[in-house]
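**Q** for reference, the sequence and a predicted model appear below.
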Amino acid sequence: MMRKIGSGQGTSYRVCQLRRALVVLGIASLALAGATGAQAQSLREGIAAFQRQDYARASRIFIPLAERGNAPAQTYLGLLFETGRGVPQNYTEAAMWYRRAAEQGDSRAQYSLGLLYDRGFGVPQDIIEASKWLNLSTAAAPPQAREARIRIRDAVTTKMTRGEIAQARLRAVEWAPSREQ
């Protein structure tokens, strides 16, 4: 069952638009984060293909980078699997790629993973885990995305008990990024 964040029919559409805008706003920082030399060039090529809406080519570029632990490529690959662009739509696969990037500290992946946990898409629905990832994402958000992420995080928090909020905050405080090897 899909749960909307907020109320009204336009809210889900606006959340989707917001997510797309956040991805576009972060393209420059994603291109530079965690990538050097040939990897950076390949990542830029993947991002360029993504922006041209050549999702099949973008996925072919992102897959080997993501498999080698490149967090921005993992985030883009998660988005492709979540939306079914260039690859078959698969929320479980999207969650796996988002998690790999989120564990490395990629705030966009943390945000997307939090939303998947909130809705129970590709992962068991878990409001505490959703809140943990949304808290981490909000704390690391670039200034232009912070306010929007705060609104989404707070909307999820309104569905929680005080005990659940405390658990989510504790998980976020105890979390530390780890690099893939």
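**A** Right, received. Where do you want to start?
**Q** from the chain's centre, how far out does the strand or helix carrying Ala145 sit?
**A** Following DSSP states H and E, the helix or strand that holds Ala145 is helix 143-157. What separates the centre of helix 143-157 from the centre of its chain is 13 Å, taken as C-alpha atoms, centre = their mean, to the nearest Å.
**Q** what helices or strands is that helix leaning on?
**A** Identification of packing neighbours for helix 143-157 by 3 or more C-beta pairs under 8 Å, 6 or more residues apart in numbering; DSSP states H and E yields helix 9-25, helix 107-119, helix 127-139. From N, CA and C alone the C-beta is placed, and that goes for glycine too.
**Q** tell me the secondary structure at Glu180.
**A** The three-state assignment at Glu180 reads coil, by DSSP: H, G, I helix; E, B strand; the rest coil.
**Q** same thing with Gln125?
**A** Of the three states, Gln125 takes coil under three-state DSSP.
**Q** does it touch Asp118 like I think?
**A** Yes - counting by C-beta atoms under 8 Å, Gln125 touches Asp118, with 7.4 Å between them.
**Q** out of these two, which sits in the busier spot?
**A** For Gln125 versus Asp118, neighbours defined as other C-beta atoms under 10 Å are more numerous around Asp118 (24 against 14).
**Q** ok, and the closest non-adjacent residue to the more buried one?
**A** Ala130 (3.9 Å; C-beta to C-beta, 6 or more residues apart in numbering).
**Q** so the one you found is in contact with Gly114, correct?
**A** Yes - if you go by C-beta under 8 Å, Ala130 and Gly114 touch, sitting 4.8 Å apart.
**Q** which residues do the two both contact?
**A** Counting by C-beta atoms under 8 Å, 6 or more residues apart in numbering, the contacts common to Ala130 and Gly114 are Val156.
**Q** give me the distance between Pro177 and Leu116.
**A** Relative to Leu116, Pro177 is positioned 19 Å away (C-beta to C-beta, to the nearest Å).
**Q** neighbour count winner among those two?
**A** In this view Pro177 and Leu116 are compared by other C-beta under 10 Å, and Leu116 has more residues nearby, 24 against 13.
**Q** who's in contact with the more buried one?
**A** Neighbours of Leu116 in contact, by C-beta under 8 Å, 6+ apart: Glu82, Tyr91, Ala94, Ala95, Tyr98, Gly122, Val123, Ala130.
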